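S.K.: Okay, here's the prediction I keep looking at, along with the sequence it came from:
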2 protein chains.
Amino acid sequence: MHKMNNKNKTFIDKLRSSGLRPTNQRVEISKFLFNRKKTFHFTVEELKNSMNLKRSKKISTATFYNTVHALKSAGHLKEFSLENNTSYYDTNITSHHHFFDNGKVIDIKSDKITFQKLPEAPKGKKIKNVEVVIRLENNN
Amino acid sequence: MHKMNNKNKTFIDKLRSSGLRPTNQRVEISKFLFNRKKTFHFTVEELKNSMNLKRSKKISTATFYNTVHALKSAGHLKEFSLENNTSYYDTNITSHHHFFDNGKVIDIKSDKITFQKLPEAPKGKKIKNVEVVIRLENNN
DNA sequence: ACATACTTTAGAATAATTATAAAGTAGTTA
DNA sequence: TAACTACTTTATAATTATTCTAAAGTATGT
Ligand SMILES: [Mn+2]
Ligand SMILES: [Mn+2]
Ligand SMILES: [Zn+2]
Ligand SMILES: [Zn+2]
C-alpha cells in the first residue's frame, strides 16, 4: 500500500523521528518543507497558504501547526523571530547567521563570520550558540 | 502649575520629541522607562503590570501601547523579539548585542564583540547594523 | 470485521495588539 | 472666566497568531 521511494525517504523519516505517523497530510507538508535545495524560512500561515492554494481538499490550520511543532520539537526545524510577533521557522537547523532585508531572510553560513573578540559567559552559565543578524538597507 | 525639575527634563523631552504632550500618564511612563541607571528590556504587558500594581488609578492598556509606540517611532526605544511572538522593547537604542538566558536579556556593549571576518552585503544593499545574540545555558 | 489508538478538522478559546468612539482634559481666545 | 477646539484617555470591540477541544475519520492489530 505504501510505496516509499528513496526520494521520499528523508522527509518521511523526519516525521517518524518526530513521533508522527506518515499520514498523507504530514507527508505532503514534510515534503514541501524539506524536498528543496535551499533553506526555507517561513511562517505557519505562509506555509498553509502556499500549500493549500494548489489543493482542492485543504489541510487544516491545526494540522499545519501540529506538524510544524512536532518537527520543531524533534529538532528538524528551528524557530526564530523577526520584529512582528510571528514565529518563523527555518529548515536549516545548524547554528548559522542571517541577513534581514525588509522581512526577507537570507542564510549566512557559519564560517562566513568569525570573531576576534567575544565576551565570556556569566558565572554558572555557558555559551550555547552565537548567532549574528546583519540588517540590510538599500544603497543610497 | 507644572513644576519641571531638571531630573524630569530628559524624559519629558523624549515625549515632546515624540510628538506627545507631557500628560500625567505619559510623564509617569517615560519616567519609569528612562529614569534608571541600567538598560531596561520589557514587554508592554510587563510595563503595564509593574506600573499599575502600585497605582490606585490605573493607566489604560491603550495608553501604554500608544506611548511606547510613539517613543519607539521617535527612536527613543528599540524593538526586538524573542521566540515567543511578543514584542520586547529596549531602552538602549544604540546598536549592541545581547545574552539571551532563558527569557532573561542582558546587554553586551558593542565594543565587547569584534569580527575577524564578515560577509559583504548583496549588491544594491548595504549593512545597516550587525547584532549578535549569545544564547546561554547552565553549566552542566 | 472489530476494537483501539491515533489523526484530522471545524470551531471555540486565548493572548498580544490595534482600532473605535465616547468622555475627559488642556491650550487658546474672546 | 466662558467658550472653542484640539488632543488625550479609556473601555470596549476587533484583529491576528496561535492553541485547545471534541467530534468524526482513518489506520493498525487481531
Ligand atoms: Mn504585532
Ligand atoms: Mn501569540
Ligand atoms: Zn536560516
Ligand atoms: Zn539591549
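M.R.: Alright, I've got the coordinates. Ligands and ions are numbered 1, 2, ... in the order given.

S.K.: show me where chain A has strands.
M.R.: In order along the chain, chain A carries the following strands (DSSP state E): A:41-42, A:78-81, A:87-90, A:97-101, A:104-108, A:114-117, A:125-138.

S.K.: tell me the angle of the fourth one relative to strand A:125-138?
M.R.: Right, the one you point to is strand A:97-101. Taking axes from the mean of the first three to the mean of the last three C-alpha atoms, to 10 degrees, one finds that strand A:97-101 is oriented at 30 degrees with respect to strand A:125-138.

S.K.: Sheet partners, orientation included, of strand A:97-101?
M.R.: Take DSSP bridges as the rule and strand A:97-101 pairs in its sheet with strand A:104-108 (antiparallel), strand A:125-138 (parallel).

S.K.: cool, and the shortest one?
M.R.: Applying DSSP bridges to the sheet, strand A:41-42 is found paired with strand A:87-90 (antiparallel).

S.K.: The partner strand and DNA strand C in contact?
M.R.: No. In this structure, strand A:87-90 remains apart from DNA strand C according to C-beta under 7 Å from any atom of the strand; the gap is never smaller than 11.9 Å. Any C-beta I mention is one placed from the backbone N, CA and C, and that applies to glycine too.

S.K.: hmm, that strand touching DNA strand D?
M.R.: Yes. Residues of strand A:87-90 contacting DNA strand D under C-beta under 7 Å from any atom of the strand: residue A:87.

S.K.: Excluding chain neighbours, what is closest to residue A:78?
M.R.: Leaving out its chain neighbours, the residue that sits closest to residue A:78 by C-beta to C-beta, 6 or more residues apart in numbering or on different chains is residue A:90, at 4.4 Å.

S.K.: no, scratch that, I was asking about residue A:127
M.R.: Taking C-beta to C-beta, 6+ apart as the measure, residue A:127 lies nearest to residue A:121, with 5.1 Å between them; neighbours along the chain are not counted.

S.K.: Next, count neighbours for the residue nearest to residue A:78.
M.R.: 19 (other C-beta atoms under 10 Å in any protein chain shown).

S.K.: Hmm, residue A:130 is touching residue B:132, no?
M.R.: Yes. Here residue A:130 reaches residue B:132: they are 6.3 Å apart, a contact under C-beta atoms under 8 Å.

S.K.: Show me which of these two is the more surrounded one.
M.R.: residue B:132 (22 against 17).

S.K.: how near is the more buried one to residue B:115?
M.R.: Between residue B:132 and residue B:115 the distance, using C-beta to C-beta, to the nearest Å, works out to 9 Å.

S.K.: Ok, residue A:19 next?
M.R.: Residue A:19 sits 40 Å away from residue B:115, going by C-beta to C-beta.
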